[in-house]
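Novice: Any chance you can model this:
(chains A, B, C and D)
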There are 2 protein chains.
Amino acid sequence: MVLDRIDRRLLRYLQQDCKQTNKELSHKLDLSVTAVYERIKKLERTGIIKGYEAHINKDAVGLGFLAFCHIRLEKHAKETIGSFEKEVRKLNEVLECFHVSGEYDYLLKVVVKDMEHFRNFMVNKLTTIEHIGSTQSSFTINEVKNTTQLTLSDDAS
Amino acid sequence: MVLDRIDRRLLRYLQQDCKQTNKELSHKLDLSVTAVYERIKKLERTGIIKGYEAHINKDAVGLGFLAFCHIRLEKHAKETIGSFEKEVRKLNEVLECFHVSGEYDYLLKVVVKDMEHFRNFMVNKLTTIEHIGSTQSSFTINEVKNTTQLTLSDDAS
DNA sequence: ACCATAACCGAAAATTTATCTGAATGTTCC
DNA sequence: GGAACATTCAGATAAATTTTCGGTTATGGT
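Specialist: From the prediction side, this is the model:
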């Protein structure tokens, strides 16, 4: 599917606030309500819009501790990688896990309540996964910027 | 505001899909539509729900290259930190920036179209910021897990 | 020019959100 | 225990939104 300028603007608005009414969007985009409706449905059908999520304040729900864990595996055999990734996916403290280039193999974003819970997570969950060579963690001191909104230019991708 | 078991389940559902109707939620939670409505409004008022965002497929919009940059500052004077953070916030390729403990001072998540754009970002944007001591980048080879959904237990925080 | 397709619009129908009233429950203070 | 108050909930209704529908206007290909 090819996105035109209007689609891109629409996606920008929906990234900011997906609960806007189609009427509001129709004004912003200078289209009819139906046209907005059909464009959105198409973006959903084609998988460009993957879903709609409420964004919740993690501090307010007692999950104010954010850390990153760099992990090196013992060896890089296919089954080692496979089983490590499978286990990591199960850990709900881990919001993100990327296989990355460089000194370490994986980078994990971990969210828990506090340092004590983090210690517990490390000792009883993360480091019990097999084939982990070494880990190195850093704690977040300050959130300078934290968004999920991709910047879509108006012109073609 | 104190969250009870129902609030926590509600937040879980809304994190997964915030476009569900209150009627659907009322069935899942075994409440009236109005009760669901009022709980949601309260969660919005108190800032526990920060907003509602469409989640869009970054590959589909031509932003399939994800990298992490570790940055060390030259010195850690207050104004150095302040000006660095201010400049980073302006860069729309940077979705996240955290001041972290450990070997490096900052960890950045960067999303661009491809390696060429990344090179361009590094040369013409990131490294033009003053007071940067050294940087180290790693590229994402594979997304093992990538969610924004916090895991809320049913019991009190 | 012609056909096929896609995109758009406005109005009507279906559904949902939002408001309001009153009942049920719980808490505090005497 | 019981009165006064706040909180939570349910059901009915009003207001607003989503969704469907028929028809019109662009667009692209032959």
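Novice: which intervals of chain A have sub-threshold pLDDT?
Specialist: For chain A, the stretches with pLDDT under 70 are A:155-157.
Novice: Okay, domains of it per the record?
Specialist: Taking automatic domain parsing as the reference, chain A has its domains at A:5-45, A:65-139.
Novice: what's the first-to-last distance across the shortest one?
Specialist: Read that as domain A:5-45. Domain A:5-45 has its terminal residues 19 Å apart, counting by C-alpha to C-alpha, to the nearest Å.
Novice: partners of the residue nearest the centre of chain A in the sheet?
Specialist: Central residue of chain A (C-alpha atoms, centre = their mean): A:E96, 6.4 Å from the mean position. Following DSSP bridges, A:E96 is listed with bridge partners A:K109, B:N146.
Novice: residue contacts, it?
Specialist: A:E96 makes contact with A:L107, A:L108, A:K109, B:K145, B:N146, B:T147, according to C-beta atoms under 8 Å, 6 or more residues apart in numbering or on different chains. C-beta: built from backbone N, CA, C; applies to glycine.
Novice: With distance to B:D59 added, can I get the domains of chain A in TSV?
Specialist: Shown next, in TSV, are these (distance: least, C-beta to C-beta, whole Å):
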stretch	distance to B:D59
domain A:5-45	14
domain A:65-139	15
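Novice: So A:E85 is in contact with A:C97, correct?
Specialist: Yes - between A:E85 and A:C97 there is a contact at 7.4 Å, judged by C-beta atoms under 8 Å.
Novice: Residues in contact with both of those two, list them for me.
Specialist: Contacts common to A:E85 and A:C97, judged by C-beta under 8 Å, 6+ apart, are B:V144.
Novice: between the two, which one's more packed in?
Specialist: Taking other C-beta atoms under 10 Å in any protein chain shown, A:E85 and A:C97 do not tie; A:C97 has more neighbours (24 against 16).
Novice: Nearest to B:K23, out of the contacts of A:E96: which one, please.
Specialist: Ranked by distance to B:K23 (C-beta to C-beta), the contacts of A:E96 are led by B:T147 at 26.4 Å.
Novice: Could you check how many residues crowd around the closest one?
Specialist: With other C-beta under 10 Å as criterion, B:T147 counts 17.
Novice: now swap in A:D4 and tell me
Specialist: Using other C-beta under 10 Å, A:D4 has 12 other residues around it.
Novice: What residues does chain A have near DNA strand D?
Specialist: A:T21, A:N22, A:K23, A:E24, A:V33, A:T34, A:Y37, A:E38 (C-beta under 7 Å from any atom of the strand).
Novice: Can you name the residues in contact with the host helix or strand of the third one?
Specialist: Under the criterion of DSSP states H and E, A:K23 resides in helix A:22-29. If you take C-beta under 8 Å, 6+ apart as the criterion, helix A:22-29 is touched by A:I6, A:R9, A:L10, A:Y13, A:L31, A:S32, A:V33, A:A35, A:V36, A:Y37, A:I40.
Novice: rerun at 6 Å
Specialist: Residues from elsewhere that reach helix A:22-29 (C-beta atoms under 6 Å, 6 or more residues apart in numbering or on different chains): A:I6, A:S32, A:V33, A:V36, A:Y37.
Novice: Reformat these as TSV; add neighbour count.
Specialist: As requested, the contacts of helix A:22-29 are exported to TSV (neighbours: other C-beta atoms under 10 Å in any protein chain shown):
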residue	neighbour count
A:I6	15
A:S32	12
A:V33	14
A:V36	23
A:Y37	14
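Novice: just those residues now: which is nearest DNA strand C?
Specialist: Closest to DNA strand C out of the contacts of helix A:22-29 is A:S32 (3.1 Å), distances taken as C-beta to the nearest atom of the strand.
Novice: ok, now which ones touch the closest one?
Specialist: A:S32 makes contacts with A:S26, as judged by C-beta under 6 Å, 6+ apart.
Novice: and it, what are its phi and psi?
Specialist: phi -80, psi 160 (degrees, to the nearest 10).
Novice: I'd like to know which of the domains of chain A lies nearest to B:I81.
Specialist: Using C-beta to C-beta, the domains of chain A put domain A:65-139 closest to B:I81, at 16.6 Å.
Novice: Look at that closest one and report the distance between its end residues.
Specialist: Note: domain A:65-139 ends 8 Å apart using C-alpha to C-alpha.
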